[in-house]
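[1] Turn this into a model:
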Amino acid sequence: MVKVFRSTVIDAPLDAVWDVLRDFNAHHAWHPAVAESRIELGLAPDQVGAVRRFRLAEGGGELREQLLSLDDRAHRFTYCILDAPLPLIGYVATVELKRVTDGGRTLWRWWSEFAAPPGEQEALARLVTEQIYEAGFAAVKRHFGQAGRPAPARAAPALRPVSGAAVAGHGVVLRRHGGPEELAWEAVSAPPPGPGEVRLRQTAVGVNYIDVYCRTGYFPLVTPPAPLGMEAAGVVLDVGAGVSGLAPGDAVAYAGPPIGAYVEVRTLPAELVVALPPAIDAVTAAAVLLKGLTAEFLLHRVAPVAEGDWILVHAAAGGVGSLLCQWASQLGARVIGTVGSPDKARQARANGCAEPIVTAEADWVERALEITGGAGVATIFDAIGRDSVARGLGALAPCGHIVSYGQAAGPLEPLDLAAFAAKSARVSRPNYGHYAGTRAQVAAGSRRLFTALERGLVTVEIGQRFPLREAAEAHRRLEARQTTGSTVLIV
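    Numbers count the residues shown, from 1 in each chain. As a prediction, the model looks like this:
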């Protein structure tokens with residue numbers, strides 16, 4: 001890997017310099033190498049995942065770059081090259097500003113990593129240093145009335161195919177099974193994609209309760225040391241032999257095994273990766289795909305709901321619960337939901353839950369029977385676990401269906417199946433991999449989900465965002481039930 005690092009001091013206050021640099025579409029106004037620039041798809045220029053397309057001055061060709069992260073508190077953003085007329089392979093760069101303690105000045109640091117064809121590493125490193133970084137430094141200094149001249153322009157080398165080098169990055173690695181403190185920020189790399197594989201530069205990672213089960217070892221799906229995570233979105237860097245329907249630069253997402261999403265770069269099987277429609281950005285995709293596919297198969301395949309049905313959704317303000325409430329209400333069902341606080345009750349009601357029940361204030365079984373006039377509910381969607389399935393029988397209508405798809409409160413207690421005969425009740429324990437484990441299943445489920453999102457039948461509440469390296473804190477909040485909606489790690 002080629003690594004380039006440069007820094008300079010701008011004789012201007014940090015906030016003023018940040019105003020110039022943070023606009024991802026404004027570099028044509030100050031950088032001498034850029035002729036014109038626009039943001040694709042009409043996104044805001046500071047939206048993570050936004051892609052800027054720009055022409056180089058003096059006929060140097062066209063580039064596409066994507067904003068991977070932006071932190072106004074740290075005065076830092078990271079971006080990558082999607083397409084370029086020169087072989088800066090896997091190029092990822094970071095701009096960071098720091099306040100200089102004396103004189104109201106600003107330290108500007110700019111660094112990057114990329115692979116390059118054999119024999120061209122030195123020339124490309126010099127090109128990045130002189131024509132991008134030093135020319136940019138000089139231009140911003142002139143903007144603030146300082147001296148400086150851009151480096152002379154050079155012809156860009158011809159574009160070449162991606163090489164077989166690994167792409168370096170970082171990730172959150174589980175050192176051993178245990179608490180959130182066992183998650184560590186470490187260097188990782190993504191090997192070149194083999195047959196049927198794709199390599200991604202990730203921009204957003206979804207956090208789900210199954211990640212907690214994997215971290216603790218309750219679900220023995222991860223052998224430490226290894227990254228956690230089952231859901232992410234990003235951009236295709238390159239594809240292996242035999243891969244169709246995906247190409248470098250495509251915005252994509254995935255949800256499900258193999259586990260290992262808490263990373264900046266990743267190589268994985270292409271069959272479960274889906275292309276994102278233009279209306280759905282990477283952060284939304286990372287927030288919704290795993291939970292949305294779960295809601296899709298629960299409502300449409302495991303226990304289809306009918307118009308007028310009373311259903312009960314546990315954890316109605318959570319990630320899957322919020323989607324179940326919205327989607328089921330759009331299908332005509334009448335939704336009762338259990339929540340842990342009045343604030344979450346308001347959130348559930350906003351998501352289509354007609355009758356939220358705060359469990360600290362009322363017995364949910366008695367309240368569900370009261371709401372339904374003693375008839376009970378047709379279906380219970382239960383992500384709580386422990387004794388909730390057994391108790392749910394009391395709230396169920398004859399021939400009703402309890403769908404147990406999680407156990408946030410603890411392992412399920414043994415069930416007395418004979419007791420279920422009193423209501424001819426059914427109990428399901430669906431496995432995600434059996435409903436979203438093949439390319440055909442994921443394609444069908446994601447089409448239905450994306451259509452629901454585009455039509456506004458469901459919306460995604462991103463309740464919490466953390467930098468990827470702060471995944472441990474995201475786990476602490478999730479386990480303490482201090483979250484609403486989806487939690488996303490920004491890469």
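[2] how close does the nearest residue to L331 once chain neighbours are set aside get to A452?
    With sequence-adjacent residues excluded and distances taken as Cβ to Cβ, 6 or more residues apart in numbering, L331 is closest to V305, at 5.5 Å. Placement of C-beta: from N, CA and C, glycine included. Per Cβ to Cβ, to the nearest Å, V305 is found 14 Å from A452.
[3] ok, those two, which is more surrounded?
    V305 (24 against 20; other Cβ atoms under 10 Å).
[4] Validate this expectation: that one resides in a strand.
    No. Looking at V305 with DSSP: H, G, I helix; E, B strand; the rest coil, it is coil, so not inside a strand.
[5] Wait, it touches I380, no?
    No. The criterion here is Cβ atoms under 8 Å, and V305 misses it with I380 at 11.6 Å.
[6] Touching both of the two, which residues are there?
    I311 (Cβ atoms under 8 Å, 6 or more residues apart in numbering).
[7] is A275 in a bridge, and if so with what?
    For A275, the beta-bridge partners under DSSP bridges are V252.
[8] Count residues in the vicinity of it, would you?
    Neighbour count of A275, defined by other Cβ under 10 Å: 14.
[9] circling back to that earlier point, got the contact list for the residue nearest to L331?
    V305 sits in contact with L299, I311, A328, L331, G332, A333, A378, T379, where contact means Cβ under 8 Å, 6+ apart.
[10] how near is it to E58?
    V305 is 62 Å from E58, by Cβ to Cβ.
[11] ok so A93 is a strand residue?
    Yes. Assessed with three-state DSSP, A93 lies in a strand.
[12] and it, how many neighbours?
    21.
[13] following the one helix or strand K291 maps to, which helix or strand comes up?
    If you go by DSSP states H and E, K291 is part of helix 282-297. As assigned by DSSP H and E, the chain's next helix or strand after helix 282-297 is strand 310-313.
[14] Pairing partners for that next one, with directions?
    For strand 310-313, using DSSP bridges, the partner strands are strand 334-339 (parallel), strand 377-382 (parallel).
[15] average pLDDT for the following helix or strand past that strand?
    Next in sequence after strand 310-313, counting helices and strands by DSSP H and E, comes helix 319-330. Across helix 319-330, pLDDT averages out at 93.
[16] go on, stretch 472-491?
    Averaged across stretch 472-491, pLDDT comes to 89.
[17] same thing with stretch 293-311?
    Mean pLDDT, stretch 293-311: 94.
[18] Same check on stretch 395-411?
    Averaged over stretch 395-411, pLDDT sits at 87.
[19] Just the terminal-to-terminal distance for it.
    Counting by Cα to Cα, to the nearest Å, you get 21 Å between the two ends of stretch 395-411.
[20] Now do the same contact list for the spatially closest residue to A251 that is not a sequence neighbour.
    In this structure, A251 finds its nearest non-sequential neighbour in L276, 4.5 Å apart by Cβ to Cβ, 6+ apart. By Cβ under 8 Å, 6+ apart, L276 lies in contact with A233, A251, V252, A253, A282, A285, F450.
[21] from what I can see A204 touches A233, true?
    Yes. Here A204 reaches A233: they are 5.1 Å apart, a contact under Cβ under 8 Å.
[22] one step back: want to try CSV for the contacts of L276, with pLDDT as columns?
    Listed next are these as CSV, based on pLDDT from 0 to 100:
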residue, pLDDT
A233, 95
A251, 89
V252, 94
A253, 96
A282, 89
A285, 94
F450, 92
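[23] Give me the buried stretch members for stretch 250-265, please.
    Using 16 or more other Cβ atoms under 10 Å as the test for burial, stretch 250-265 gives 250-256, 259-265.
[24] Relative to R439, how far out is A261?
    Going from A261 to R439 by Cβ to Cβ gives 18 Å.
[25] Poorly predicted segments of this protein, please.
    101-103, 146-164, 409 (pLDDT under 70).
[26] Quick check: can you list the domain ranges of it?
    Taking automatic domain parsing as the reference, the chain has its domains at 2-143, 167-280+461-490, 307-429.
[27] I'd like the ones you listed laid out as CSV, including distance to A443.
    Output for those, formatted as CSV (distance: least, Cβ to Cβ, whole Å):
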stretch, distance to A443
domain 2-143, 22
domain 167-280+461-490, 7
domain 307-429, 19
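[28] A444: which of the ones you listed is closest?
    The closest of those to A444 is domain 167-280+461-490. By Cβ to Cβ, the value is 10.7 Å.
[29] nearest spatial neighbour of the most far-flung residue of the chain relative to its centre, skipping sequence neighbours?
    The C-alpha centroid of the chain is most remote from A422, which lies 44.2 Å away (Cα atoms, centre = their mean). Nearest residue to A422 in three dimensions, chain neighbours excluded: L393, at 7.9 Å (Cβ to Cβ, 6+ apart).
[30] Also S112?
    Take S112 and drop its neighbours on the chain: the residue closest to it by Cβ to Cβ, 6+ apart is A93, 3.7 Å away.
[31] V92 now?
    Nearest residue to V92 in three dimensions, chain neighbours excluded: C80, at 4.6 Å (Cβ to Cβ, 6+ apart).
[32] Can you verify my assumption that that neighbour contacts T94?
    No. Using Cβ under 8 Å as the test, C80 is too far from T94 to be in contact (10.3 Å).
[33] Okay, helices next: where are they in this structure?
    Under the criterion DSSP state H, the chain contains helices at 14-21, 121-127, 135-143, 209-216, 282-297, 319-330, 342-350, 364-371, 388-392, 417-420, 432-435, 439-454, 471-479.
[34] and F381, what are its bridge partners?
    As for beta bridges, F381 partners with V313, V403 under DSSP bridges.
[35] list the contacts for it?
    F381 is in contact with L298, A303, I311, L312, V313, H314, G321, L324, V403, Y405, counting by Cβ under 8 Å, 6+ apart.
[36] One more pass at 10 Å, please.
    By Cβ atoms under 10 Å, 6 or more residues apart in numbering, the contact list for F381 reads 295, 298-299, 302-303, 305, 311-316, 320-321, 324-325, 328, 335, 337, 392, 401-406.
[37] so what's D15 up against?
    Residues counted as contacts of D15 (Cβ under 10 Å, 6+ apart) are H75, L97, R99, G104, T106.
[38] Let's see that with 7 Å instead.
    For D15, no residue meets the contact criterion (Cβ atoms under 7 Å, 6 or more residues apart in numbering).
[39] Adding distance to Y133, write the contacts of L276 out as a markdown table.
    A markdown table is the format used below for those (distance: Cβ to Cβ, whole Å):
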| residue | distance to Y133 |
| --- | --- |
| A233 | 29 |
| A251 | 27 |
| V252 | 30 |
| A253 | 32 |
| A282 | 27 |
| A285 | 32 |
| F450 | 39 |
